[in-house]
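J.: Next comes the sequence, and after it the predicted model I'd like to discuss.
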Amino acid sequence: MEDNNRNLILAMVLSMVVVLVWFTFFAPEPPPVEEQQASTETTQPAAVAPDAASGTAPAAATGPQDPSGSAGRIGIESPSLEGSISLAGGRIDDLLLTSYRETLDPESPFVRLLTPTDASYLQPESAGTPIAPGGNPELTLQKPYYAVYGWSPGAGTDPAAVPNASTIWQVEQGETLTPDSPVTLVWDNGQGQIFRRVFSLDEKYMFTVNQSVENTTDRPFVAAPYGIIARHGQPDTQNFFVLHEGMVAMTDGDLHTTKYKNIVDLDNVPREGRAELLNVTENGWIGFTDKYWMTTLAPAPGTNFTAVTKYAEGADIYQTETRFPVETVAPGQSVSRESYLFAGAKEWEAIRNYEENPSIQRFVDSIDWGWFYFLTKPIFRVLHWLNNHIGNMGWSIIALTFILKAIVFPLARKSYISMARMRELQPQMEALKERVGDDRAKMQQEMMALYKKEKVNPAAGCLPILIQIPIFFSLYKVIFVTLELRQAPWVGWIRDLSAPDPSSILNLFGLLPYAAPARDSLVGIISLSIMAIILGISMWLQQKLNPAPADPTQKMIFAWMPWIFMFMLGGFASGLVLYWITNNVITIGQQYAIMSMHGHPPNLFGNIRESIPKRKKK
């Protein structure tokens with residue numbers, strides 16, 4: 001029994017060490033204090049075209065006054081999106097996700113994905129944060145973030161003959177881009193070439209962009225189409241070690257990720273600056289991903305292109321690009337190139353559908369599944385399936401816990417049977433101690449011989465706890481990263497399973513008329529929530545299924561362990577704490593039932609009474 005307790009302590013201490021390491025290395029850093037944006041009247045540099053003739057692509061140019069605010073716009077309206085396209089460069093630079101709000105407040109603004117370089121026309125309630133100094137005091141402004149397409153000049157082609165990020169386009173067809181009505185833009189360069197750009201949109205987040213050029217002259221025209229996603233300045237990120245935010249790309253089946261802080265340190269490429277170029281021969285995509293949102297360029301399947309990641313140091317612009325091969329347009333002919341732009345929420349079901357149609361290779365891997373992806377993916381799929389049938393993520397997590405416990409039940413059963421067998425051996429262990437006395441080496445040798453004879457594995461008690469570690473991390477990843485858990489309610493006060501339980505013992509769980517302290521404050525450390533307290537009690541009850549060890553040190557560790565975990569894990573996402581509580585309750589029931597079936601029911605109430613300090617008689 002002593003060895004069994006020692007193994008259990010070892011497993012619990014190991015779990016605690018893992019959690020401590022998690023807090024030490026994976027805890028989010030406080031977001032950096034960003035300098036406020038310049039006024040909306042300030043000239044903004046813009047992404048410009050790659051140079052097809054030289055193979056270079058300067059990241060940005062300061063250029064003249066930004067024309068995007070006064071060039072006119074085409075509206076975007078769909079069940080999932082709202083925004084506009086600027087006729088300056090034909091940029092998709094104004095996009096709201098109308099299915100998601102910034103906070104739980106139903107009146108809070110929609111989540112803004114894309115922002116123009118000149119946001120003076122935006123409505124104050126829709127622009128984002130922070131306040132733009134020097135401009136409208138009611139207007140808020142995010143850093144510019146947009147997608148732009150164009151053509152780069154080939155050998156012998158006048159650079160002025162191709163459209164760039166500042167070209168003013170005309171509307172040839174359509175008034176508003178909707179799922180039922182595409183929009184066509186046209187630009188005549190005055191040199192015999194007519195460029196067209198057709199935008200189409202589905203019900204969710206996928207734009208189809210068809211670029212074409214018609215050559216009306218009697219000589220060939222040489223140019224190369226491209227697509228660019230540009231972000232001005234590093235965006236506000238979670239700064240969380242296990243979360244990837246930055247460039248994400250798939251090139252011929254290989255996944256590539258680069259965080260923003262590493263993009264600025266890319267190697268200097270001749271005529272490119274800090275950049276990384278990846279040649280794609282069959283299928284691929286590239287873009288920027290945030291925790292819940294993503295903007296991605298995806299050429300049509302089977303298209304050769306170059307996927308580019310780069311950083312313009314002078315302009316502080318992050319870019320991802322898709323550069324297509326140079327096209328030679330014969331006299332009287334036209335050439336077109338079709339590609340896709342995903343700009344929206346990282347909904348698993350939508351992204352999976354895009355992987356099937358229009359066959360964007362391994363698009364679901366744009367979701368950050370983490371190191372344990374072989375567990376994270378199936379766990380999420382089961383949770384998603386349960387939620388579709390139950391309709392509540394909290395109850396789905398509880399159901400998922402039952403399923404996971406059923407899968408590992410054979411190991412748990414062996415563990416509990418081993419613990420019951422250890423109790424049967426207790427009289428023989430006591431007799432062995434009396435026989436060998438203080439000879440520890442002899443005692444260990446005799447104990448191992450006894451275990452072998454009786455076919456008992458003293459380490460079996462560790463397995464159920466150890467196997468919970470990868471499951472815990474995988475479920476943590478699912479709850480922390482997947483959009484489906486964002487602002488998902490359970491019951492009562494639990495309105496967001498991806499966030500910690502907001503209740504606090506310091507205001508008697510809302511009965512006192514003042515707010516609880518912030519979680520990251522010094523006082524917030526002791527601001528235990530309802531779920532944290534239930535977690536500590538469930539761990540304490542699970543521990544009391546076994547007698548306290550005789551060794552004083554082990555006994556002290558056992559006494560403090562549940563309450564240490566209560567403080568450490570109580571601040572985790574409430575969905576994860578809900579899983580842990582459910583897991584503890586199921587474990588208590590399994591251990592009690594199995595050990596009772598083998599004639600050694602846990603003496604729960606007796607062990608609780610034994611743990612209560614007794615007053616010494618005078």
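T.: Thanks, I have it.
J.: Any regions of the stretch 201-350 of the chain where pLDDT drops low?
T.: Residues of the stretch 201-350 of the chain meeting the criterion pLDDT under 70: 238-240.
J.: which residues pair with Ile168 across the strands?
T.: With DSSP bridges applied, the residues forming beta bridges to Ile168 are Ala88.
J.: Contact partners for it?
T.: Residues in contact with Ile168 (CB atoms under 8 Å, 6 or more residues apart in numbering) are Pro67, Ala71, Leu87, Ala88, Trp187. (Glycine included, C-beta is placed from N, CA and C.)
J.: Do a quick rundown of the helices in the stretch 151-300 of the chain.
T.: For the stretch 151-300 of the chain, applying DSSP state H, counting those that start in this stretch gives helices covering 260-263.
J.: Now do the helices in the stretch 501-618 of the chain.
T.: Using DSSP H, counting those that start in this stretch, helices in the stretch 501-618 of the chain cover 530-543, 552-569, 574-597, 604-611.
J.: tell me the phi and psi of the residue lying closest to Ala573 once chain neighbours are set aside?
T.: Nearest residue to Ala573 in three dimensions, chain neighbours excluded: Ile479, at 4.9 Å (CB to CB, 6 or more residues apart in numbering). Note on Ile479: backbone dihedrals following degrees, to the nearest 10 are phi -70, psi -40.
J.: Tell me who's in contact with the residue nearest to the spatial centre of the chain.
T.: What sits nearest the mean C-alpha location of the chain, by CA atoms, centre = their mean, is Val481, with 3.2 Å. When contacts are counted by CB under 8 Å, 6+ apart, Val481 touches Leu243, Lys291, Ile367, Asp368, Trp369, Gly370.
J.: can you do 10 Å?
T.: 238, 240, 242-244, 291-292, 346, 367-370, 376, 380, 498 (CB atoms under 10 Å, 6 or more residues apart in numbering).
J.: which among these gets closest to Arg101?
T.: The nearest member of the contacts of Val481 to Arg101, counting by CB to CB, is Tyr292 at 12.2 Å.
J.: how close does the closest residue to the closest one other than its chain neighbours sit to Phe380?
T.: Once flanking residues are discounted, Tyr292 sits nearest to Leu483: 4.7 Å by CB to CB, 6+ apart. Distance, Leu483 to Phe380, using CB to CB, to the nearest Å: 11 Å.
J.: and if you look at His244?
T.: His244 sits 16 Å away from Phe380, going by CB to CB.
J.: Same check on Met595?
T.: Distance of Met595 to Phe380, computed by CB to CB: 34 Å.
J.: part of a helix, is Tyr339?
T.: For residue 339 the amino acid is Ser, not Tyr. No: counting by DSSP: H, G, I helix; E, B strand; the rest coil, Ser339 is not found in a helix; it is strand.
J.: List the contacts of it.
T.: Ser339 makes contact with 149, 207-211, 225-227, 285, 297-300, 303, 305, 322, 324 under the criterion CB under 10 Å, 6+ apart.
J.: Same question for Pro299.
T.: Pro299 is in contact with 225, 227, 280, 283-286, 305, 307, 322-324, 337-340, 360, counting by CB under 10 Å, 6+ apart.
J.: Ala298 too?
T.: Contact partners of Ala298, counting by CB under 10 Å, 6+ apart, are 206, 227, 250, 283-287, 322, 339-342, 354, 358-361, 363.
J.: now swap in Thr98 and tell me
T.: By CB under 10 Å, 6+ apart, the contact list for Thr98 reads Glu77, Ser78, Pro79, Ser80, Leu81, Glu82, Gly83, Phe110, Val111.
J.: rewinding a little: can I have the buried ones of the contacts of Val481 as a ChimeraX selection?
T.: The buried subset of the contacts of Val481, as determined by 16 or more other CB atoms under 10 Å, is captured in ChimeraX by this line:
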select :242,243,244,291,292,346,367,368,369,370,376,380,498
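J.: Could you single out the nearest of the contacts of Val481 to Gly575?
T.: Comparing the contacts of Val481 against Gly575 with CB to CB places Ser498 closest, at 6.5 Å.
J.: In a strand, that closest one, correct?
T.: No: going by three-state DSSP, the assignment for Ser498 is coil, not a strand.
J.: got a pLDDT number for it?
T.: With respect to pLDDT, Ser498 has a value of 90.
J.: before we move on, what about Leu177?
T.: On pLDDT, Leu177 comes in at 97.
J.: Dig out what it forms beta bridges with.
T.: With DSSP bridges as the criterion, Leu177 is bridged to Ile76.
J.: if I look at it, how far off is Ala449?
T.: For Leu177, the distance to Ala449 (CB to CB) stands at 79 Å.
J.: One more: Ile557?
T.: Distance, Ile557 to Ala449, using CB to CB: 29 Å.
J.: Just want to know which of those two has more residues nearby.
T.: Relative neighbour count places Ile557 above the other of Ile557 and Ala449, with 16 against 11, counting by other CB atoms under 10 Å.
J.: State the distance from Arg609 to Asn603.
T.: Per CB to CB, Arg609 is found 9 Å from Asn603.
J.: again, but for Phe288
T.: Distance, Phe288 to Asn603, by CB to CB: 58 Å.
J.: helix or strand for Gly394, which one?
T.: According to DSSP states H and E, Gly394 maps onto helix 393-407.
J.: still on that earlier bit, out of the helices of the stretch 501-618 of the chain, which gets nearest to Asp218?
T.: Checking the helices of the stretch 501-618 of the chain against Asp218 by CB to CB gives helix 574-597 as the closest, at 67.1 Å.
J.: what pLDDT does Phe409 get?
T.: pLDDT at Phe409 comes out at 83.
J.: nearest residue to it other than its sequence neighbours?
T.: Nearest residue to Phe409, sequence neighbours excluded (CB to CB, 6+ apart): Gln590, at 7.3 Å.
J.: For the one you found, give me the pLDDT.
T.: For Gln590, pLDDT reads 85.
J.: wait, what's in contact with it?
T.: Lys405, Phe409, Ala412, Arg413, Ser415, Tyr416, Pro464.
J.: surely Gly606 meets Asn546?
T.: No: using CB atoms under 10 Å, Gly606 is not in contact with Asn546; the gap is 11.2 Å.
J.: more crowded one of the two?
T.: Counted by other CB under 10 Å, Gly606 and Asn546 do not tie: Asn546 has more neighbours, with 22 against 11.
J.: from what I can see the more buried one touches Pro602, true?
T.: Yes: the pair Asn546 / Pro602 is scored as a contact, 6.8 Å apart, by CB under 10 Å.
J.: so what sits against both of these two?
T.: Shared contacts of Asn546 and Pro602 (CB under 10 Å, 6+ apart): Met419, Arg423, Gln591, Met595.
J.: So the second one versus Glu214, what's the distance?
T.: Looking back up the chat, that one is Arg423. 87 Å.
J.: go on, the first one?
T.: Distance check for Met419 against Glu214: by CB to CB, it reads 80 Å.
J.: So for these two, which sits in the more crowded spot?
T.: Met419 (25 against 18).
J.: I'd like the secondary structure assignment at the more buried one, please.
T.: In three-state terms, and counting by three-state DSSP, Met419 is helix.
J.: quick one: it from Pro410, how far?
T.: The separation that Met419 has from Pro410, given CB to CB, amounts to 15 Å.
J.: Quick check: Gly83 touching Gly75?
T.: Yes: judged on CB under 10 Å, Gly83 makes contact with Gly75 at a distance of 7.7 Å.
J.: These two: which is more packed in?
T.: Gly83 (27 against 15).
J.: okay, that one: pLDDT?
T.: Gly83 is assigned a predicted lDDT (pLDDT) of 94.
J.: tell me the contacts of it?
T.: Counting by CB under 10 Å, 6+ apart, Gly83 touches 73-77, 92-98, 110, 112-116, 122, 126, 177, 343.
J.: list the residues that contact both of Leu483 and Phe380?
T.: In contact with both Leu483 and Phe380: Trp348, Ile367, using CB under 10 Å, 6+ apart.
J.: residues contacting the closest residue to Arg413 other than its chain neighbours?
T.: Closest residue to Arg413 apart from its sequence neighbours, by CB to CB, 6+ apart: Ile594 at 5.9 Å. With contact set as CB under 10 Å, 6+ apart, Ile594 has these partners: Phe409, Ala412, Arg413, Lys414, Ser415, Tyr416, Ile417, Met419, Ala420, His600, Pro601.
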